[in-house]
Every structure is written in structure tokens, then in C-alpha cells.
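S.K.: here is my input; please provide its structure:
(chains A, B, C and D)
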Number of protein chains: 2
Amino acid sequence: MKKKRPSLRDIAEVLNVSTTTVSFVLNGKGEEKKISKQLIERVENYLKEIDYKPNLIARSLRTGNSHIIVFMVEDVSNHFFSKVGRVIEDISYKHDYRVLFCSTENDAKRTREHIEIFKERQVDGFIIVPPPGIKEEVENLKNNGLPVVLFDRKIEGLDIDSVLLNNYEGARQTTQHLIDQGFKKIAFITIDLDQNQMHDRLKGYRQTVKEEGLEEYILTLPYDTDRVAESRKKIKDFIAAHPELDSVFFATNYLSQSGLKTLHQIDSNLVSNLGIISFDDSYFFEMYAPTISAYAQPIELMGRELMRIMFDRIKQKGEASKHQEVSLDGELIIRESSLKKYTRL
Amino acid sequence: MKKKRPSLRDIAEVLNVSTTTVSFVLNGKGEEKKISKQLIERVENYLKEIDYKPNLIARSLRTGNSHIIVFMVEDVSNHFFSKVGRVIEDISYKHDYRVLFCSTENDAKRTREHIEIFKERQVDGFIIVPPPGIKEEVENLKNNGLPVVLFDRKIEGLDIDSVLLNNYEGARQTTQHLIDQGFKKIAFITIDLDQNQMHDRLKGYRQTVKEEGLEEYILTLPYDTDRVAESRKKIKDFIAAHPELDSVFFATNYLSQSGLKTLHQIDSNLVSNLGIISFDDSYFFEMYAPTISAYAQPIELMGRELMRIMFDRIKQKGEASKHQEVSLDGELIIRESSLKKYTRL
DNA sequence: GGTGCTTACATAAACGATTTAGGAGCTTTA
DNA sequence: TAAAGCTCCTAAATCGTTTATGTAAGCACC
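M.R.: Predicted coordinates:
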């Protein structure tokens, strides 16, 4: 049943030329390799006629690259990562590269295993959202001449290509926006995740309220998603302890979503009465009532930058050269929830 | 810099044995192939010592399979598909298979091209959410002995493995639930997508209201996501034309989300005053106020069934055998929005 | 002591491409 | 006319595995 696809050799035989010739023509190196016009044409016509598709596995084995890049993120089904993944996928396809998606679950062991497996598969590059504790593996990849671009987070003490959000600046803008709207008692609700991006957001918030001579209200919740009940309680207590609060800045979109629910539970008018803004946009915010303002990461741009750097590296074929650290600005998406005139206090 | 990984041949040389021996031991066929215990041990120790990893590309070339399966869906960043993708990814990894994700955009041409490309890469199987118009290509894949499992939709007139939701039954249950809650004027809002799953949902709704002696209220919106304004207007007109409606059944979660927004725009109390339920669950529904009831697809189970069939087929190595059509039931997730006592009419 | 059967390995041919090195035939040049 | 230089093409090695086939040694058997 399974009829074998013709190989280069089969074609060469039919045309009575060598496989070399067919290969050269196939790869558009005909002229360069001084194959005569007529022969090029003859081969090309035949290739087209039988709609020949080379066996990419064989090509990979010979050339040592696979035209596959991996995109390792915390969770492929996470909205932000899957959107960026989609951008990367599209760009890759245009350049004849494919993308392997993979979830790290922010776990070092799982990530290490995956990196190992992908190396066996001769992938051509890695885009990684690094979990803590994989500095060494990433360094090894780089030293082996494999392109690696970090995304979303960096690894302390490792000079390597990366595409990041300017979290500090983003948090500053977000906080400033609330202040500009007339909010004065701004709570910052974050998680106890020891990673740069969270630190930078916190710093941005603190610096801004400080400069404006306002007080800080900071609540740190556990990172564990299964400690929801605990988080809920903490938010309730926090709100109760600070009745003077007029607005809330959630440090991640996940926090905002569960936070909104909690606020609504405390008092169904609370959400409308507080100024609310989220770091990270979400599809959800557009639908909520009121619509929720957010500082959105530049998804499209991030994907493009990641691939630009990736292809730069691939072209360089492992030659060392200075690393690029791209820090991108997001965009404040102002919706109803952060506009003073919409709150009813 | 890039130090070459040792090959089987290198190892054989060091150990003074043949590559055959090393290969057999590597693949655990030592005993079967009558290699002596001592030698097996010697080879195994060395393999472990240098932490040898075989070149999977070479293996693929030789064996003709890649241990890669593709998961082609409408959009990899869609919540439902990415969740199922995640399940598939996890199962695959456990069996040493990798997953290539790919977005079809529901476009036949794009899908055809992708199928072609994946065949060149010798992928071992396809899980496809088929766009209209690719019957022939899918049939070819199957006839070439390549495992194909359809997901979410079927292709009319093609007998092939598939994992589907029992849309009819789901819509019946959903409608019945509203009726049991005491709702009597139930609107069904759907899209004009000519695909089985939508037809079945409509049928389920109609049959149920008919059996209960209730009137049908059906609104069909354009599928195009960029005709949002038009959809909004249609919903508004529909609601205005039928002030007697006491509940709404949205046929997809995307519809629910934009529909909720529209309802809220019409009248901020409308969402609380109507009974609302959605086909397809969404993360969003849990957070909304009120929380929105939904008929949830069994994501985990779907992923497992897809992979079960896939591995069945892979084991059969292209032998034809009767196709399996799995029809799964979802689960009614009852939240506030569909409970009569929560609506204030 | 020839035949046959294990055991325990090795040899070498694939898989299907890319690519290096080279060769045949022609023209040019000193 | 011999050497050199083109032009156009080919032979064969190579990538790193898997696996069909080969074979040498040992033993049994009549």
C-alpha cells in the first residue's frame, strides 16, 4: 500500500544523470555549479512533473541541522505564551522552519530532560522561558554553539541573548496612570515568586509612589496555584485592614482574574468602586464588566524579536559574538476600570 | 568549539566490538540477540559512563519513523485546543514521542501545504481538526498507511478514526437544564458555520424545546470574527424583538464571551436577569460575575482517547482495520448564571 | 569425521540526501 | 604540442544508525 517516494537516486536514474546534478539543481545551485541551462531545465521540469519532495530526515542527517526550533515555556496552554508561540510559528513557517512547543512547568528537572532530548533531535535553536536552576544547561547549549534565546525572564549572571519586557518601566507607567487619574491609595498585589520580572514590577511601583509622595500598600500572595483559598483570605484581610484603598494594581493577569473574583465576593460593588489595573493583558479583561485596564506585553513584537535574534544566530553558525539583550516596552490599554470617572466612590 | 558527539562507531572502536553489538545493547535487544552477559554489561557501562545519546535523526532515516506526531488545529493559541494539546504533549512524552503543533486557520490551502511538509519530515501520525475541503488529502494520508485521527469535527463521507464530542446530547442536556430550572423562553445563539458540530448542537436544542412544548428562538450570527459590530447589532435587535426571553444558550464559548459583553452594554442588569449558559467552558466563566454555567468538553479524556487511538494505529503499522469513532460526553458545569433563583426577573 | 545446530559475535549494506574531489573534453596560450 | 584553464558533469565518501547476512567456534550425533 505504502508506495515509496522516489529518491534522488531514482530521479537521477530516470534522467540518466548523477545524483549530484539533481541535488545541485534541487537546491538552486545549478548555475553556481556550472550545470548547463538545458540540463537544469530538464531536471527542474522532471522534479516538478513528479512533484518531488526531498526526504528532510536524510538532509538533516547529512547537513547536521533540522530546521526545527523549540519553544520551551512554562505552559503551552497559557494564553500569553501560546499567543507568542503562534507568532513564532508563523514566522518560522515563512522561513521553512518548524516549531516544537514544550512545557517546562517551571521545573528544572523536566526542562533539563527536554533539552537533552531536543539535542538528540538535532534541533537548530532554543527559545526558552527559563525556570530557576538551569543556568548550567543553558550555558552548555550556548558553549556548544547552539542558538539560545531567553524569553520573558533572564538568568542571573549569564550573558546571553534575551527578549524581555521592561517590567520596571511598565510598572512605573501603570502606577503613574493610576496616579494621573487621581487615585492616591494604590495597592500593589503580587506573588512571592523570586524572579526578576516580579522584582522589577515591584520596584517600578514603589519608586513611582515614592516619587509622588504616596504611601505603599503591598500584598504578597503565595505563588502556588493550589493555595487559592489562602490567597483569597489574604486579599480579604488586606482589603479589610485598609479601607482607605482607592485602587489596586495586580502584578500579573492571573492574579487579576482571581483577584477580581475575590473582590466581587467581598462586595459586589467593590470592583466598580476601586480603580483596577493589571500587569499583562488578558482576553478576559475586554469582556468583564467593567472592562479592565491593563499593561499589555507586545506579543507580536516579542515574537518578531525572538525570531530575528534566532535567525541571526543560526546564520552565524555558532560563532561567538556579543549577546543581545532586548528590552521591550508594552502598552497601556486603558479601559473602564482605571478611569476615575467610572468609579463611584 | 562544537565538539562532536560520539557515534556508535566511535563507541564500537573504543570497546573493540562491532557497531551491531553496541546497537543491540543500546536498544535492549542484547539478550534476544544472544549477546553474552559480560559483554552486555561492558557496553552498558560504557554507554552510561559517557552518557551516550543516539542521533535520532540517523535512527529516523534508517527506521523510517520519526517519533513525532503533529497536532493540527485551527489555532494553537485557542484555549480549548491548547489545553488538549497540553494533554497530548504529556502523553506523548511519556511514550517518547514529540508533538509538533500547527495552526490551520481553518484554511484548506494552508492545511494542505502543512500536511505535505510534515510528510516530508516523516512524521508518524496526524491528529487533525479538519477545515472544510481537505477530504482528499486526509484520505490519501490514510491510504498511505499514515495514522490519522480527526478531532472535534468529522469529514462528511469519510470513514476514519475520530474523537468527537457528542454535541447533540450535550446541547440536549444543556437545554434541559435550563428548562429544569424553570426557564421557558430560551434563545439559542449560534454562528453560521456549516459544520457538523454546530448542526448537532442546534438539533439538540430544537429537539429538546420541541419535546417540552416550548417555542424556539434562534439567532444565527456571522462566523467572521471581524464582523463583530454586525453581530452586536444583531444581538441587540434580537433581544429587543423578543423582550419575553428569559434565558440564552450560546452555542460556543467565544460567542458567550462577546455575547455577555453585548448584553451588558444593552443593559447592565440584563446578564443577571437572564439565565445564561454556554456550550464549551472557559476559564473566563469562573471569574465573571455572575459566574457563567457551561457544558464543558472533557479535555483530559479527549486527549487520552486521541492518543490511545493514535498509538493503536502506530502499532498496527498501516495495516487497514476498522475505524474507531469515539463520541464523548461532556459535563454540565452549573454556576450561578443558569440558576433560576439567582436571576432577578 | 562429516553434518547440523547453537552461541556469540562481526561485516557490510542499507536509509536518502549533500558535497568533495576529480575527470573528460574542449579551447586557449606560450 | 604540451601545459593550463574552462565547462560540465560524475563517482564516491559521508552523516549515524539498524539489520540481514555471514562466520567461526563449540558441541552433539549417528
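S.K.: residues near the residue in chain A that DNA strand C sits nearest to, how many?
M.R.: As assessed by CB to the nearest atom of the strand, DNA strand C sits closest to residue A:7 within chain A, at 2.9 Å. Quick note: C-beta positions are derived from backbone N, CA and C, even for glycine. Neighbour count of residue A:7, defined by other CB atoms under 10 Å in any protein chain shown: 15.
S.K.: not counting sequence-adjacent ones, nearest residue to it?
M.R.: residue A:55 (7.0 Å; CB to CB, 6 or more residues apart in numbering or on different chains).
S.K.: quick one: the strands in the stretch 201-345 of chain A, in order.
M.R.: Taking DSSP state E, counting those that start in this stretch, the strands of the stretch 201-345 of chain A run over residues A:217-221, A:247-250, A:275-279, A:293-296, A:325-328, A:331-333.
S.K.: redo these as TSV? Include mean pLDDT.
M.R.: Listed next are the strands of the stretch 201-345 of chain A as TSV, based on pLDDT from 0 to 100:
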stretch	mean pLDDT
strand A:217-221	94
strand A:247-250	96
strand A:275-279	95
strand A:293-296	96
strand A:325-328	95
strand A:331-333	95
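S.K.: now distance to residue B:231 and mean neighbour count too, for the ones you listed, in a markdown table please.
M.R.: As requested, the strands of the stretch 201-345 of chain A are exported to a markdown table (distance: least, CB to CB, whole Å; neighbours: other CB atoms under 10 Å in any protein chain shown):
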| stretch | distance to residue B:231 | mean neighbour count |
| --- | --- | --- |
| strand A:217-221 | 38 | 19 |
| strand A:247-250 | 30 | 28 |
| strand A:275-279 | 26 | 29 |
| strand A:293-296 | 24 | 26 |
| strand A:325-328 | 33 | 15 |
| strand A:331-333 | 22 | 16 |
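S.K.: and the closest residue to residue A:179 other than its chain neighbours, what pLDDT?
M.R.: Nearest non-adjacent residue to residue A:179, counting by CB to CB, 6+ apart: residue A:212, 5.4 Å away. The model reports residue A:212 with a pLDDT of 93.
S.K.: what about residue A:212, distance to residue A:176?
M.R.: 8 Å (CB to CB, to the nearest Å).
S.K.: where does the stretch 1-150 of chain A come near chain B, residue by residue?
M.R.: Contact residues (CB under 8 Å from any CB of the partner chain) of the stretch 1-150 of chain A with chain B: A:1-3, A:53-58, A:60-61, A:66, A:75-77, A:79, A:82-83, A:85-86, A:89-90, A:98-103, A:116-117, A:119-122, A:143-145.
S.K.: which members of these occur in strands, if any?
M.R.: Judged by DSSP state E, the subset of the residues of the stretch 1-150 of chain A next to chain B located in strands is A:98-103.
S.K.: give me the neighbour count for residue A:100.
M.R.: Using other CB under 10 Å, residue A:100 is surrounded by 22 other residues.
S.K.: returning to what we had before: what's the burial count for the residue nearest to residue A:179?
M.R.: Around residue A:212 there are 13 other residues, counting by other CB under 10 Å.
S.K.: cool, residue A:19 as well?
M.R.: Other residues lying near residue A:19 total 15 when counted by other CB under 10 Å.
S.K.: low pLDDT regions in the stretch 101-250 of chain A?
M.R.: In the predicted model of the stretch 101-250 of chain A, no residue satisfies pLDDT under 70.
S.K.: residues from it in reach of DNA strand C?
M.R.: Contacts of the stretch 101-250 of chain A with DNA strand C, taken as CB under 7 Å from any atom of the strand, are absent.
S.K.: how about the helices of the stretch 101-250 of chain A, start to end?
M.R.: With DSSP state H, counting those that start in this stretch as the criterion, the stretch 101-250 of chain A has helices at A:108-120, A:135-143, A:167-180, A:196-211, A:228-241.
S.K.: got a list of contacts for the last one?
M.R.: The contact list for helix A:228-241, computed with CB atoms under 8 Å, 6 or more residues apart in numbering or on different chains, reads A:187, A:189, A:217, A:219, A:221-222, A:245, A:258-259, A:262-263, A:265-266, A:270.
S.K.: buried ones among those residues?
M.R.: Buried members of these, counted by 16 or more other CB atoms under 10 Å in any protein chain shown: A:187, A:189, A:217, A:219, A:221, A:245, A:258-259, A:262-263, A:270.
S.K.: quick one: contacts of stretch A:55-65?
M.R.: By CB under 8 Å, 6+ apart, stretch A:55-65 touches A:5, A:7, A:66-67, A:122, A:124, B:55, B:57-58, B:60-61, B:66, B:120-122.
S.K.: quick one: buried residues of that stretch?
M.R.: By neighbour count on 16+ other CB under 10 Å, the buried set for stretch A:55-65 is A:55-61, A:65.
S.K.: and for stretch A:179-189?
M.R.: Result for stretch A:179-189 [16+ other CB under 10 Å]: buried residues A:179, A:181, A:183-189.
S.K.: which one of those residues is nearest chain B?
M.R.: If you rank the buried residues of stretch A:179-189 by distance to chain B using CB to the nearest CB, residue A:189 comes first, at 15.3 Å.
S.K.: pull the most distant pair out of the buried residues of stretch A:179-189.
M.R.: Based on CB to CB, the longest span within the buried residues of stretch A:179-189 runs between A:181 and A:189 and measures 18.1 Å.
S.K.: pLDDT (mean, whole number) over the single longest helix found in chain A?
M.R.: Criterion DSSP state H: the longest helix present in chain A is helix A:299-316. In this model, helix A:299-316 has a mean pLDDT of 94.
S.K.: quick one: buried residues of it?
M.R.: A:299, A:301-307, A:309-311, A:313-314.
S.K.: quick revisit: the residue of chain A closest to DNA strand C and residue B:121: what is the separation?
M.R.: Distance, residue A:7 to residue B:121, by CB to CB: 16 Å.
S.K.: do the same with residue A:161
M.R.: Going from residue A:161 to residue B:121 by CB to CB gives 27 Å.
S.K.: for DNA strand D, what are the nearby residues on the stretch 51-200 of chain A?
M.R.: Taking CB under 7 Å from any atom of the strand as the measure of proximity, the stretch 51-200 of chain A contacts DNA strand D at A:58, A:61-62, A:64.
S.K.: give me that answer again for 10 Å
M.R.: With the criterion set to CB under 10 Å from any atom of the strand, the stretch 51-200 of chain A comes near DNA strand D through A:57-64, A:120, A:122.
S.K.: outline the domain layout of chain A.
M.R.: A:8-54, A:64-164+A:300-327, A:167-297+A:332-342 (automatic domain parsing).
S.K.: need the phi and psi values for the spatially closest residue to residue A:107 that is not a sequence neighbour.
M.R.: Of all residues not flanking residue A:107 in the chain, residue A:131 sits nearest, at 5.9 Å (CB to CB, 6+ apart). Phi and psi for residue A:131, reported as degrees, to the nearest 10, are phi -80, psi 170.
S.K.: surely residue A:131 meets residue A:104?
M.R.: Yes - Residue A:131 is in contact with residue A:104 according to CB atoms under 8 Å; the separation is 5.3 Å.
S.K.: next, show the common contact partners of these two.
M.R.: Residues touching both residue A:131 and residue A:104 (CB under 8 Å, 6+ apart) are A:74, A:111.
S.K.: among the two, which residue is more densely surrounded?
M.R.: Just comparing residue A:131 and residue A:104: by other CB under 10 Å the higher neighbour count belongs to residue A:104, 23 against 20.
S.K.: identify the residues contacting that one.
M.R.: Contacts of residue A:104 (CB under 8 Å, 6+ apart): A:72-74, A:110-111, A:114, A:128-129, A:131.
S.K.: what about the nearest residue to it once chain neighbours are set aside, how many neighbours?
M.R.: Leaving aside its sequence neighbours, residue A:104 sits nearest to residue A:111 (CB to CB, 6+ apart; 4.4 Å). Neighbour count for residue A:111, taken as other CB under 10 Å: 25.
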